[in-house]
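1. Need a 3D model of the following:
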Amino acid sequence: MATEKAYKAGGHVVSIIPIVDINMPDWLCATLVPCGMGDAQYVMMALAGDTCLVIGSLAGTISEVCLVWLHKLRYCL
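-> The predicted model follows:
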């Protein structure tokens, strides 16, 4: 898992999660942001960082890639 490796390497990992997942154990992150904004969570994730690393290919991931592209951020596929 990318977040686990980044966290263990000393990176500052920020996880933006659906509010219903707040009680899940073992979030490996420095900052946990519960978001009750539905699909707006994708906007927050896509535009929050300097780079977008894409792993997976479900609808949420695809929408994040489109947002990154629209806002001309650096990204890696």
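
2. CA atoms for contacts and neighbours, from now on please.
-> Fine.

3. Relative to Leu58, how far out is the residue nearest the centre of the chain?
-> Compute the mean C-alpha point of the chain, and by C-alpha atoms, centre = their mean the closest residue is Met45, 4.4 Å away. Taking C-alpha to C-alpha, to the nearest Å as the measure, Met45 falls 15 Å from Leu58.

4. ok so, going back, torsion angles phi and psi at the closest residue to the residue nearest to the centre of the chain other than its chain neighbours?
-> Spatially, and ignoring its direct neighbours in sequence, Met45 is nearest to Ile16 (6.6 Å; C-alpha to C-alpha, 6 or more residues apart in numbering). As for Ile16, its main-chain torsions (degrees, to the nearest 10) stand at phi -110, psi 110.

5. Next, count neighbours for Ile16.
-> By other C-alpha atoms under 10 Å, the residues close to Ile16 number 17.

6. okay, and for this protein, where does confidence drop off?
-> Within the chain, the stretches with pLDDT under 70 are 1, 52, 57, 73-77.

7. mind checking the longest helix of it?
-> Longest helix of the chain, by residue count under DSSP state H: helix 59-70.

8. what's it packed up against?
-> Secondary-structure packing of helix 59-70 (3 or more C-alpha pairs under 8 Å, 6 or more residues apart in numbering; DSSP states H and E): helix 40-48, strand 74-76.

9. For stretch 22-31, list every residue counted as buried.
-> Neighbour-count burial for stretch 22-31, counted by 16 or more other C-alpha atoms under 10 Å, picks out 28-29.

10. Endpoint to endpoint, that stretch covers what distance?
-> Stretch 22-31 has its terminal residues 12 Å apart, counting by C-alpha to C-alpha.

11. same question, stretch 30-43
-> Using C-alpha to C-alpha, the end-to-end distance of stretch 30-43 comes to 20 Å.
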